[in-house]
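>>> Output the structure for:
(chains A, B, C and D)
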Protein chains: 2
Amino acid sequence: MSASPAEALSQRGETAERILSAAADLFATRGYEAVSMNEIARHAAVSKANVFHHFNSKHDLYLTVVRRACTHSRERLAGLGSPQGSLAERFNTFAGGMLGDMLDQAQVTRIILRELLLDGEQRGPELAERVFGDNFAALVAVLREGQAQGALRRDLDPAMVATLLIGANVFFFEARDVLRHFRDVSFADKPESYSRMLADILLKGILAAPDNTHRE
Amino acid sequence: MSASPAEALSQRGETAERILSAAADLFATRGYEAVSMNEIARHAAVSKANVFHHFNSKHDLYLTVVRRACTHSRERLAGLGSPQGSLAERFNTFAGGMLGDMLDQAQVTRIILRELLLDGEQRGPELAERVFGDNFAALVAVLREGQAQGALRRDLDPAMVATLLIGANVFFFEARDVLRHFRDVSFADKPESYSRMLADILLKGILAAPDNTHRE
DNA sequence: GTCTATACAGGGATAGAC
DNA sequence: GTCTATCCCTGTATAGAC
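You can find the predicted model right below:
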């Protein structure tokens, strides 16, 4: 029953896997404190004692869940940096791809954001670096390159642009359910539409500029 | 000891006020579940039983805190709609003013956002309307007016622009502590700087446009 | 590895004296 | 209005049989 060499390393039993999955689900939607080990055990269809057999404590279980979510998220984001096409295209692709992935992996995303935005006030540093750090840096690098080539305005802070882009996606993810209740909002259920408009606005701005509007 | 007519209505005793203040503090930074009535009592320097004397339950106390935060927030936001100056100016003023208020009243802001962004998945509707609803609508109206006057591009969704503006402020508020750890970010502690850059980018876009860059 | 049973702490909430 | 003392429940975590 010992793990074969091929599947070594982070090999976990099927039961442990079920527990992790149930825990991830619950933590993502309701947070750490609101979820009990009883509940997790029930959702995983095992006894509570068994959960404690596989994980030393609730906190340990939580950390494992978060750690997994992080590496998962990193893997996803790693693929977004492909340097092909014009800068506007890459910008567009990155924005849309990021949002799409966030929505596809809503559970993971929610856990990360919980960590990052709420407890982030206390922890911040490590997780920030771990999950978003290099991607943020990569995005900034792309933007800087765009400035060097003359495609982008030189009088603006690339980090600011990156923040705006990422922030817009994060906010959409977080606030969808609220936005949906606003009469004027038509894009709450159309992420592609949102991404398209986002890129359009960031690239061209919102001011009416006769010589600007029809350029591509 | 009954309230004088002049200070009637939502008049609460000094003790109740202290309890509310302590509770608001704790709920804002750690959320509902993570905070205990014991702790609230200790911070308010009263006995736990006394807390239950003033508020029927923990949930009741929480609701009172949230309700206060909402009305407080509404009052603040109400002043931001003043229709004076050019559209770009108003845009600028609104963005900066909103962020400034959020930071000034960080505790209240945190409570609202917690409700809106996390539990929002379940409740959403009421709070959305209550706090942001009319302000969102007002901002959209201003933008529409700008379109009608020809100051703003007509081919974009005003609700999208409003979302971007608000989202940028919310994200800054949430992610400051994380952004601070990114080498490229210089504005984490300079909200005015952030606001200025935000308005600049939203208005003019990021593309290098020779005839665009020097316009004001 | 998995269970039942249980220890022990802390939570929300109440009783009743002052 | 404020307290001390207490109730009851649920939570995390452990012991020990299978």
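>>> When you work out contacts or count neighbours from here on, use the C-alpha atoms and nothing else.
Fine.
>>> buried ones in whatever helix or strand residue A:64 lives in?
Following DSSP states H and E, the helix or strand that holds residue A:64 is helix A:58-78. Using 16 or more other Cα atoms under 10 Å in any protein chain shown as the test for burial, helix A:58-78 gives A:58, A:61, A:62, A:64, A:65, A:66, A:67, A:69, A:70, A:73, A:74, A:77.
>>> Once you drop chain neighbours, what's closest to the residue in chain A that chain B sits nearest to?
Proximity of chain A to chain B (Cα to the nearest Cα) peaks at residue A:205, 3.5 Å away. Closest residue in space to residue A:205, ignoring its immediate chain neighbours: residue B:205 at 3.5 Å, by Cα to Cα, 6 or more residues apart in numbering or on different chains.
>>> Tell me which residues touch residue A:66, please.
Residues near residue A:66 by Cα atoms under 8 Å, 6 or more residues apart in numbering or on different chains: A:111, A:112.
>>> Need the pLDDT of it.
As predicted, residue A:66 sits at a pLDDT of 93.
>>> and what of residue A:88?
Looking at residue A:88, its pLDDT reads 84.
>>> How much space separates residue A:153 from DNA strand C?
Residue A:153 is 53 Å from DNA strand C, where distance means Cα to the nearest atom of the strand, to the nearest Å.
>>> Then residue A:17?
Distance from residue A:17 to DNA strand C, by Cα to the nearest atom of the strand: 10 Å.
>>> Around DNA strand D, which positions in chain A sit nearby?
A:33, A:35-38, A:48-49, A:52-53, A:56-59 (Cα under 7 Å from any atom of the strand).
>>> and stretch A:133-145, which residues are buried?
By neighbour count on 16+ other Cα under 10 Å, the buried set for stretch A:133-145 is A:133, A:134, A:135, A:136, A:137, A:138, A:139, A:140, A:141, A:142, A:143, A:144.
>>> Sitting in strands, which of these do you find?
If you go by DSSP state E, the buried residues of stretch A:133-145 have nothing in strands.
>>> Closest one of those to DNA strand D?
Of all the buried residues of stretch A:133-145, DNA strand D sits closest to residue A:133, with 30.8 Å by Cα to the nearest atom of the strand.
>>> helix or strand for the residue nearest to the closest one when sequence neighbours are not counted, which one?
Distance criterion Cα to Cα, 6+ apart; nearest residue to residue A:133, sequence neighbours excluded, is residue B:182 at 6.9 Å. For residue B:182, there is no helix or strand it lies in under DSSP H and E.
>>> where exactly do the helices run in chain A?
Counting by DSSP state H, one finds helices in chain A at the ranges A:14-30, A:37-44, A:48-54, A:58-78, A:87-104, A:106-113, A:125-127, A:134-148, A:158-179, A:191-204, A:210-213.
>>> Of those helices, which shows the lowest average pLDDT?
helix A:210-213 has the lowest average pLDDT among those, namely a mean of 50.
>>> Thought residue B:137 was touching residue A:184, still the case?
Yes - Residue A:184 lies in contact with residue B:137 (Cα atoms under 8 Å); the separation is 7.5 Å.
>>> that older thread, a markdown table for the helices of chain A, including distance to residue B:173?
As requested, these are exported to a markdown table (distance: least, Cα to Cα, whole Å):
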| stretch | distance to residue B:173 |
| --- | --- |
| helix A:14-30 | 22 |
| helix A:37-44 | 33 |
| helix A:48-54 | 37 |
| helix A:58-78 | 23 |
| helix A:87-104 | 20 |
| helix A:106-113 | 14 |
| helix A:125-127 | 16 |
| helix A:134-148 | 18 |
| helix A:158-179 | 11 |
| helix A:191-204 | 20 |
| helix A:210-213 | 32 |
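>>> Residue B:155: which of those is closest?
Residue B:155 lies closest to helix A:210-213 among these, at 9.2 Å (Cα to Cα).
>>> Enumerate every residue touching residue A:129.
B:181, B:182.
>>> Ok, residue A:96 next?
Counting by Cα under 8 Å, 6+ apart, residue A:96 has contacts A:191, A:192, A:195, A:196.
>>> one more time with 10 Å
Taking Cα atoms under 10 Å, 6 or more residues apart in numbering or on different chains as the contact definition, residue A:96 lies against A:80, A:90, A:102, A:169, A:191, A:192, A:193, A:194, A:195, A:196, A:198, A:199.
>>> Hmm, residue A:160 is touching residue B:197, no?
Yes - using Cα atoms under 10 Å, residue A:160 is in contact with residue B:197, at 7.5 Å.
>>> Find residues that contact each of those two.
Common neighbours of residue A:160 and residue B:197 (Cα under 10 Å, 6+ apart) are residue B:187.
>>> about what we covered before: now for the buried residues of stretch A:133-145: which two are most distant?
With Cα to Cα as the measure, no two of those lie farther apart than A:133 and A:144, at 16.6 Å.
>>> ok so, going back, among the residues of chain A next to DNA strand D, which ones lie close to DNA strand C?
A:48, A:49, A:53.
>>> among those residues, which ones are buried?
residue A:48.
>>> Tell me the one among the ones next to DNA strand C among the residues of chain A next to DNA strand D nearest to DNA strand D.
Looking across those and measuring by Cα to the nearest atom of the strand, the closest to DNA strand D is residue A:49, at 3.9 Å.
>>> measure residue A:153 to residue B:114 for me?
Using Cα to Cα, to the nearest Å, residue A:153 is found at 36 Å from residue B:114.
>>> no, scratch that, I was asking about residue A:169
Counting by Cα to Cα, the gap from residue A:169 to residue B:114 is 18 Å.
>>> Comparing those two, which residue is more hemmed in?
Neighbour count, other Cα atoms under 10 Å in any protein chain shown: between residue A:169 and residue B:114, residue A:169 has more, with 26 against 19.
>>> list the contacts for the more buried one?
Residues near residue A:169 by Cα under 10 Å, 6+ apart: A:95-96, A:98-100, A:102-103, A:163, A:191, A:194-195, A:198, B:164, B:167-168, B:171.
>>> hmm, back to that, farthest-separated two in the contacts of residue A:96?
With distances taken as Cα to Cα, the most widely separated pair in these is A:80 and A:193, at 19.4 Å.
>>> higher neighbour count, these two?
It is residue A:80, of residue A:80 and residue A:193, that has more neighbours when counted by other Cα under 10 Å, with 18 against 13.
>>> So for the more buried one, what's the pLDDT?
Taking residue A:80 on its own, its pLDDT is 69.
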